[in-house]
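S.K.: What shape does this take:
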Amino acid sequence: MGADLEQRQVDERYVMTVSDGEAWYEFVRDGKTLRTRRDWTSDTLTIDQLPSFVTSQWDRLIDGGEISFRLVALGRVRILRFRLTYRGEIANLGRPPHGGEQHVRQAVGARGRSGLFA
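M.R.: Okay, here's the model as predicted:
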């Protein structure tokens, strides 16, 4: 498994390669290269994996459980630990909780003239 992030505007490049339980980072800035190793465990996720992971754990969260995971922060050359719990619903800025036609119109400012809703 590998990940590659290049920040052209600041002349930086980050590469991570995972092998045998280890994540190897290579970070290049201003022509200087730093190589470092981090532990890769089964609960480590990349940002692309996060939505499906949370969805797969949703019932556990709603039932009051806690999920723990580690998230790769490639641009920081780190793996960070997170704990996620469900603490209840919050107000949805006065909009219907599941959106609907009125919510979409408000969000895009369509006022019925955009062709989204005939």
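
S.K.: Please enumerate the strands of the chain.
M.R.: Ranges of strands within the chain are 2-7, 12-19, 22-29, 32-39, 44-45, 66-73, 78-85, based on DSSP state E.

S.K.: For the residue nearest to Thr44 when sequence neighbours are not counted, give its distance to Leu45.
M.R.: Leaving aside its chain neighbours, Thr44 sits nearest to Arg70 (4.4 Å; criterion: CB to CB, 6 or more residues apart in numbering). C-beta coordinates here come from the backbone N, C-alpha and C atoms, glycine included. As judged by CB to CB, to the nearest Å, Arg70 and Leu45 stand 7 Å apart.

S.K.: So these two - more neighbours on which side?
M.R.: Arg70 (19 against 16; other CB atoms under 10 Å).

S.K.: related to what we said a few turns ago, want to throw the strands of the chain into JSON lines with distance to Ser56?
M.R.: Below are these laid out as JSON lines (distance: least, CB to CB, whole Å):
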{"stretch": "strand 2-7", "distance to Ser56": "21"}
{"stretch": "strand 12-19", "distance to Ser56": "21"}
{"stretch": "strand 22-29", "distance to Ser56": "22"}
{"stretch": "strand 32-39", "distance to Ser56": "23"}
{"stretch": "strand 44-45", "distance to Ser56": "11"}
{"stretch": "strand 66-73", "distance to Ser56": "9"}
{"stretch": "strand 78-85", "distance to Ser56": "12"}
